[in-house]
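In: A predicted structure for the sequence below; I have some questions about it.
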Amino acid sequence: MDNKNEFNYSNENHFRKSENPNKVGFGKTIFIPFLSGICGAGLIVGICFGIPQIKEKLIGEPNFSIPTYSTINKEEKTEDKVYTISDFSEVGPTVAAKVLPSIVGIEVSYNVNSFWGTSTGTATGSGIIISEDGYIITNNHVISTESSSSYYEITKSTGLKVKLYGDDKEYEAKVIGTDSYTDIAVIKIDATGLIPATLGNSDEVRVGEYTMAIGNPIGMDFTVTQGIISAINREVSSNDGTVYVAIQTDAAINSGNSGGALVNLKGELIGVNTLKISGSGVEGIGFAIPVNSITDVIEQLIDHQNVTRPFIGITGQAINSEVAELYSLPKGISVQSVIKDSPAEKAGIKQGDIIIKFENTEVTSVPELNRLRNNYKIGDTVTLTILRKGKEENIQIILGKEPENIEDSDEITEQNNIPNKKNESETSDSIWDFFR
């Protein structure tokens, strides 16, 4: 029996499915005299010990002095010791005290043109200090003013202000660089002696691990929340179709938390809170960009004000499990087009090829291919394993520099629909009408 979508409860209450359970929003709060918009995301920090006793097998080694399993000499241990909640009462306050000075509040001002004329609007978000001399990271969508509708148009930002923890002074900030692909931006204020966040290793994050986050949700500055890591390597899509591979957490994320820090129990930054799923009946589903995936982006934005990525030069369509089974094809990426004079064209990649491996790692989606590609540098030689006319071939490609007039050229929106099965009399080549 297929239990994929089955939920079982211990009572007779029924779960009402959200009308739009996959709606993902950003966490910037916009305040306009005649308009208020809320999308969800943010920074969260907290710990919940809601049980009377905690066994000693606590995962991780906090950098403050509390008894943990790792501090016990196992050879001398003669019996199980049970720790009470008082043994851990200082964990949350210690982490919060360490991280809070590295968090900032961000306010963006801009003009709004509408039927009613021109007015001034503001948007708020969060940020994370990464250097003593004033460099701060946040989400690109926090400081971006690219938003409009049939009723209003938001123009270029007219001001960017930063508020430090425990300091009522507002600092004027300037934008150093932005990257819409990762939704990361670097801004800077004229200040010294700041307390930068300690970077952790997001590759070591484990499901079930306690986590905390700090941000500025709905105008409540420097709010701390708690939760656990619900999932890792979760692919989520934002409202504009951008796909992120994120850390999922149940720590509360609300509008204004975007750009804040998700931290572990050592007070180390493991992610930048960015997205949440919102909708009726949805609770505790938020996402953070893993810090390991953006360290190079941050360095490039500081050094060069933009991000240059290696370039292959194709557009592709994922062949998912349903399509692969329907048409007896391997899972992979169908090449829909090859960009002229690109590394892919020079290497001999053709429209209709199916990419099944990148450097001997299987790929089943365009985001996967892009992530693997971004681990290499311009000028590196990589091997693509393709299927062409039923035969596997290895093709070496020298990664090039992404053209300035092409943004994320290897990335296209993947279709979710599955074509109807064709008549048996049709040739197998007709499948390429769908993929091309």
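Out: That came through, no problem.

In: domain map for the protein?
Out: Here the domain assignment for the chain is 15-50+90-307, 53-89, 310-435, based on automatic domain parsing.

In: any idea which of those scores lowest on pLDDT?
Out: Among the domains of the chain, domain 53-89 has the lowest mean pLDDT, at a mean of 47.

In: could you dump the domains of the chain into a markdown table with mean neighbour count added?
Out: For glycine as for every other residue, the C-beta is placed from the backbone atoms N, C-alpha and C. Written out in a markdown table, the entries for the domains of the chain read as follows (neighbours: other C-beta atoms under 10 Å):
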| stretch | mean neighbour count |
| --- | --- |
| domain 15-50+90-307 | 20 |
| domain 53-89 | 12 |
| domain 310-435 | 16 |
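
In: what secondary structure does residue 300 sit in?
Out: When classified by DSSP: H, G, I helix; E, B strand; the rest coil, residue 300 comes out as helix.

In: number the residues from 14 up from this point.
Out: Fine by me, first position is 14 from now on; the one you just mentioned is residue 313.

In: now it: how far from residue 175?
Out: Using C-beta to C-beta, to the nearest Å, residue 313 is found at 22 Å from residue 175.

In: do the same with residue 197
Out: Note on residue 197: its distance to residue 175, by C-beta to C-beta, is 17 Å.

In: any idea what the residue nearest to residue 288 when sequence neighbours are not counted is bridged to?
Out: Spatial nearest neighbour of residue 288, excluding adjacent residues (C-beta to C-beta, 6 or more residues apart in numbering): residue 300 at 4.2 Å. Taking DSSP bridges as the rule, residue 300 bridges to residue 261, residue 288.

In: my guess is residue 300 contacts residue 291. True?
Out: No: the criterion here is C-beta atoms under 8 Å, and residue 300 misses it with residue 291 at 11.9 Å.

In: helices along the stretch 164-313 of the chain, start to end?
Out: 308-317 (DSSP state H, counting those that start in this stretch).

In: which parts of it are strands?
Out: For the stretch 164-313 of the chain, applying DSSP state E, counting those that start in this stretch gives strands covering 165-177, 183-192, 197-202, 211-212, 223-228, 236-250, 256-262, 274-276, 281-290, 299-303.

In: make TSV out of those and add distance to residue 390.
Out: Shown next, in TSV, are the strands of the stretch 164-313 of the chain (distance: least, C-beta to C-beta, whole Å):
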stretch	distance to residue 390
strand 165-177	32
strand 183-192	17
strand 197-202	19
strand 211-212	21
strand 223-228	32
strand 236-250	23
strand 256-262	20
strand 274-276	28
strand 281-290	24
strand 299-303	20
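
In: between the ones you listed, which one is closest to residue 352.
Out: Distance to residue 352, taken as C-beta to C-beta, is lowest for strand 256-262 among those, at 20.3 Å.

In: who does that closest one touch, helix- and strand-wise?
Out: Packing contacts for strand 256-262, counted by 3 or more C-beta pairs under 8 Å, 6 or more residues apart in numbering; DSSP states H and E, involve strand 236-250, strand 281-290, strand 299-303, helix 379-386.

In: can you say which of those is nearest to residue 216?
Out: Ranking these by proximity to residue 216 (C-beta to C-beta) places strand 299-303 first, at 7.6 Å.

In: could I have that closest one exported to CSV, CA atoms only?
Out: The C-alpha coordinates for strand 299-303 follow below in CSV (Å, rounded to 0.1, in the frame of the first residue of the first chain):
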residue,chain,number,x,y,z
GLY,A,299,11.6,27.4,7.4
PHE,A,300,14.8,27.3,5.3
ALA,A,301,18.3,28.6,5.7
ILE,A,302,21.1,28.9,3.1
PRO,A,303,24.0,26.7,4.3
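
In: which residues touch it?
Out: Outside strand 299-303, the residues that touch it by C-beta atoms under 8 Å, 6 or more residues apart in numbering are 37, 53-55, 57, 195-197, 215-216, 218, 226, 247, 249, 257-266, 275, 283-290.

In: now with 7 Å?
Out: With contact meaning C-beta atoms under 7 Å, 6 or more residues apart in numbering, strand 299-303 is reached by 195-196, 215, 247, 249, 257, 259-262, 264, 266, 275, 283-289.

In: how about stretch 179-189?
Out: 156, 173-176, 198-204, 314-315, 318.

In: next one: stretch 250-260
Out: Residues outside stretch 250-260 that contact it (C-beta under 7 Å, 6+ apart) are 37-39, 215, 218, 242, 245-249, 275, 283-284, 287-288, 300-303, 380, 384, 426.

In: between its first and last residues, how far does it reach?
Out: End-to-end distance of stretch 250-260 (C-alpha to C-alpha, to the nearest Å): 13 Å.

In: just stretch 198-213 next, same as before
Out: End-to-end for stretch 198-213, by C-alpha to C-alpha: 19 Å.

In: repeat for stretch 338-353
Out: One end of stretch 338-353 to the other measures 32 Å (C-alpha to C-alpha).

In: what's next to it, contact-wise?
Out: Residues outside stretch 338-353 that contact it (C-beta under 7 Å, 6+ apart) are 326-334, 336-337, 357-358, 362-369, 376-377, 379, 382, 400, 422, 431, 434, 444, 448-449.

In: could you tell me which of those residues are located in helices?
Out: Among those, the ones falling in helices (DSSP state H) are 334, 336-337, 357-358, 379, 382, 448.

In: name the nearest of the residues you listed relative to residue 123.
Out: residue 379 (33.3 Å).

In: setting aside sequence neighbours, what's the nearest residue to the closest one?
Out: residue 329 (5.3 Å).

In: bridging residues for the one you found?
Out: With DSSP bridges as the rule, residue 329 is bridged to residue 348.

In: then residue 276?
Out: The partner list for residue 276 in beta bridges (DSSP bridges) reads residue 225, residue 282.

In: could you check how far the residue nearest to residue 411 when sequence neighbours are not counted is from residue 409?
Out: Excluding the flanking residues, the one nearest residue 411 by C-beta to C-beta, 6+ apart is residue 394, at 5.2 Å. Relative to residue 409, residue 394 is positioned 6 Å away (C-beta to C-beta).
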